[in-house]
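Q: From the sequence below, what's the structure:
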Amino acid sequence: MFIEIRELHLHPVDFVQDFNPGAIDFGAELQQVDVLHTTGRAQLVEEHHGKHKIINDIRINGDLSTKVALPCARCLESVLRDLARSFDLLYRPLGADAGPEERSVSATEAEVSYYQGDGLLLEDALREQVLLALPLKALCREDCRGLCPKCGANLNEKQCSCEDHVDDPRWAALKNIRSKLNH
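A: Numbers count the residues shown, from 1 in each chain. Prediction:
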């Protein structure tokens with residue numbers, strides 16, 4: 001759904017959208033497994049910069065919900081997560097904040113995103129919100145044992161026959177000193 005500045009000048013745009021799996025590209029590791037349902041409103045916010053300059057910002061607020069599959073951080077098995085998130089976003093025209101001098105960005109300005117041209121795609125805003133709603137580290141279960149570092153076997157399913165104790169060659173010199181001290 002394309003949100004146009006021209007239409008927002010006339011009235012706010014309310015939306016109720018469903019996006020089937022595959023309609024929005026979330027990258028290779030994240031897979032949408034259920035319909036992404038979103039409702040909300042887009043409206044125009046006119047911001048005055050100086051005496052004669054008006055900037056047309058787009059404000060989008062709403063909710064989204066879906067179910068996604070992502071890999072476990074330890075064993076790489078698929079983990080299903082329900083995602084639900086409310087959002088309140090502000091988009092400013094690209095280049096509106098550009099100035100001749102270099103300056104630091106305030107905390108408020110750090111929350112502003114930018115659009116280019118006559119509007120923006122709702123799908124782009126939703127992609128960003130879904131990715132922000134993901135956990136930093138997804139685990140299939142709290143006691144996930146992960147993968148064997150030698151053979152790659154999933155230690156949740158079977159115990160591999162790899163040797164548990166591996167001598168680190170960086171400690172070999174200290175091990176030799178210890179054996180000499182014991183004798």
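
Q: In contact with residue 83: list those residues for me.
A: The contact partners of residue 83, by Cβ atoms under 8 Å, 6 or more residues apart in numbering, come to 64-68, 130, 133-134. From N, CA and C alone the C-beta is placed, and that goes for glycine too.

Q: mind running it again at 7 Å?
A: Shown in contact with residue 83 (Cβ atoms under 7 Å, 6 or more residues apart in numbering): 65-66, 68, 130, 133.

Q: Got the phi and psi for the residue nearest in space to the middle of the chain?
A: Centroid-nearest residue in the chain, with Cα atoms, centre = their mean: residue 131, separated by 2.3 Å. Note on residue 131: backbone dihedrals following degrees, to the nearest 10 are phi -60, psi -40.

Q: Pull up the gap between it and residue 30, please.
A: Residue 131 sits 7 Å away from residue 30, going by Cβ to Cβ, to the nearest Å.

Q: Common neighbours of the two, please.
A: With Cβ under 7 Å, 6+ apart as the test, residue 131 and residue 30 reach no residue in common.

Q: now the longest strand that the chain contains, how far from the centre of its chain.
A: Longest strand of the chain, by residue count under DSSP state E: strand 53-71. Once both centres are worked out by Cα atoms, centre = their mean, to the nearest Å, strand 53-71 turns out to sit 12 Å from its chain's centre.
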